[in-house]
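[1] I would like to see how this sequence folds:
(one chain, ligands or ions: 2)
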Amino acid sequence: MSRVPIVGVVGARPNFMKMAPVARLLRRHPGFRFHLVHTGQHYAAMSDPFFRELALPDPEYHLGAGSGDAAEQIARIMTRLVPVLRKLRPRLVLVAGDVNSTLAAALTAHKMGLPVGHIEAGLRSFDDSMPEEVNRRLTDAVSDYCFTPSADADRNLRREGVPPERIVRVGNLMIDTLRRFRKKAAGSNILKTLGLRDRSYALVTLHRPSNVDSEEKLSDLVAVLRKLSGRLSVVFPIHPRTWKSGLRIGLWSRKDRVGHGSSAPRSRNGLVLTEPLGYFDFLKLQSRARVVLTDSGGVQEETTVLGVPCLTLRENTERPVTITHGTNRLAGTDPGRILDHVERILAGDVPPRRTPPLWDGRSAERLIRVLERKYLRR
Ligand code: UD1
Ligand code: UDP
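    Ligands and ions are numbered 1, 2, ... in the order given. Sure, this is the predicted structure:
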């Protein structure tokens, strides 16, 4: 019997961690033929290291879509994906998360009459000003399989009228990757490189447009981080969107950032600024931090499993289990409130940790079993 062709589409940093465990199992499965497509939404430091570290196969097709206006970016991905899907004629197109590449690929496949499987379906922030929220809802609407990470996601989908047979709770694929590589990441020398001691620093990431695109908001948040640096070291691997925004408004200059391979930590008013880091270095930094401050989705989940206190610098989260089960707290973006939250953590008021159900490192296995039942049953 010939192998069943399945295409996985990735494009932006958080996609890689979610697709890697599925790619690994599908590639060695005798019943499936897996093809990886990269849209090119992220590139260089936001893409290349993850292929090496997570042992993702080189993409068979790279669409080179790059950055730019969202509508144009989505349109470019769609147009360039059509001939690829026409050629490969997959029986399923897998997409992950909530980035523009996710929506573009799901919509293209759906319009071509190809079934779509959405990894990390059902998450909702109920905040339509977030570009990701629209991507999530539209992707789920055209997905034949909504692979969800948690019970709240199932409920969201049911409330929107998604038929129950399309909803399959498999758990958290990003956590499969964390569990697989945690030991390897422990070998990273990043603390030494940056001159940090265990639990002596705060780790920060920021890239949501609502936090970093406005001069006032980003300046306020960086001022909070500078205040915080009077209490403990603050390490800030800067997302390119945030870097460009801060350069534009003079919050930092090009010489303020530690580059790859550089051993001399540089600090700007107490902040250690670095380029976006590879997965192992970043995971090591997360696991040894005293507190993590972030607006990332994935980082809320990873800190939950690592048991490290996380303050989410947003007013809402599409990942409520990280609060009900994990170590996450919604700190918002008001400077005084953020600093109060940090003080509480430094005083030992740390949320207890319970790992959410099915965040056990076996989500990809469950997903593959669904595909076996659907495609390989004789
Ligand atoms: C995207 C996702 C966001 C996700 C984030 C993960 C959407 C709508 N947003 O946001 O959900 O949390 O990725 O990191 O899909 N740039 C570079 N190098 C790169 C990529 C981007 O310099 O490799 C710069 C470009 O100036 C670009 C800007 O960053 O215009 C924003 O990139 P884009 O992919 O549009 O959105 P992100 O902010 O990265
Ligand atoms: N991450 C990384 N290097 C960094 C910052 C983040 O490897 O410098 C990883 C992080 O561990 C997680 C993923 O990137 O696995 C989260 O992606 P991001 O925050 O870009 O997107 P989001 O989750 O908000 O969509």
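[2] which residues in the stretch 101-250 of the chain form helices?
    131-141, 151-159, 173-186, 190-194, 209-212, 215-228, 240-248 (DSSP state H, counting those that start in this stretch).
[3] Can you tell me how far residue 219 is from residue 94?
    Distance of residue 219 to residue 94, given as CB to CB, to the nearest Å: 40 Å. C-betas here are computed from N, CA, C, even on glycine.
[4] which of those two has more neighbours?
    Taking other CB atoms under 10 Å, residue 219 and residue 94 do not tie; residue 94 has more neighbours (30 against 15).
[5] From residue 158, how far out is that one?
    Separation of residue 94 from residue 158 (CB to CB): 22 Å.
[6] So what touches the helix ranked longest in the chain?
    Counting residues, the longest helix found in the chain (DSSP state H) is helix 70-88. Under the contact criterion CB atoms under 8 Å, 6 or more residues apart in numbering, helix 70-88 has outside partners 5, 7, 9, 11, 35, 37, 39, 41, 61, 63-68, 93, 100-101, 103-105, 107-109, 112, 114, 131.
[7] if you set the cut-off to 7 Å instead, what comes out?
    Applying CB atoms under 7 Å, 6 or more residues apart in numbering, the contact partners of helix 70-88 are 5, 7, 35, 37, 39, 41, 61, 63, 65, 93, 100-101, 103-105, 107-109, 112, 114, 131.
[8] Can you list the buried residues in that helix?
    73-74, 76-78, 80-81, 84-85, 88 (16 or more other CB atoms under 10 Å).
[9] Next: stretch 344-353.
    Going by 16+ other CB under 10 Å, stretch 344-353 has these buried residues: 344-346, 350-351.
[10] Next: stretch 132-143.
    132-133, 135-143.
[11] before we move on, what about stretch 151-163?
    By neighbour count on 16+ other CB under 10 Å, the buried set for stretch 151-163 is 152-154, 156-157, 162.
[12] Restricting to C-alpha, output it in PDB.
    Extracted as PDB, the C-alpha positions of stretch 151-163 are listed here (Å, rounded to 0.1, in the frame of the first residue of the first chain):
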ATOM      1  CA  ALA A 151     -10.700  21.300  28.200                       C
ATOM      2  CA  ASP A 152     -11.400  25.000  27.900                       C
ATOM      3  CA  ALA A 153     -10.500  24.800  24.200                       C
ATOM      4  CA  ASP A 154     -13.000  22.000  23.600                       C
ATOM      5  CA  ARG A 155     -15.700  24.100  25.300                       C
ATOM      6  CA  ASN A 156     -14.900  27.200  23.200                       C
ATOM      7  CA  LEU A 157     -15.200  25.100  20.000                       C
ATOM      8  CA  ARG A 158     -18.500  23.500  21.100                       C
ATOM      9  CA  ARG A 159     -19.900  27.000  22.000                       C
ATOM     10  CA  GLU A 160     -19.100  28.100  18.500                       C
ATOM     11  CA  GLY A 161     -21.000  25.100  17.000                       C
ATOM     12  CA  VAL A 162     -18.000  23.000  15.900                       C
ATOM     13  CA  PRO A 163     -19.400  19.500  15.700                       C
END
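[13] Distance from that stretch to the middle of the chain?
    With CA atoms, centre = their mean, to the nearest Å as the basis, stretch 151-163 stands 22 Å off its chain's centre.
[14] sorry, back to before: farthest pair within the buried residues of stretch 344-353?
    Farthest apart among those by CB to CB are 346 and 351. That separation is 13.9 Å.
[15] And residue 256, what's its pLDDT?
    Predicted confidence (pLDDT) for residue 256: 87.
[16] pretty sure it is touching residue 273, no?
    Yes. Applying CB atoms under 7 Å, one finds residue 256 in contact with residue 273, separated by 5.3 Å.
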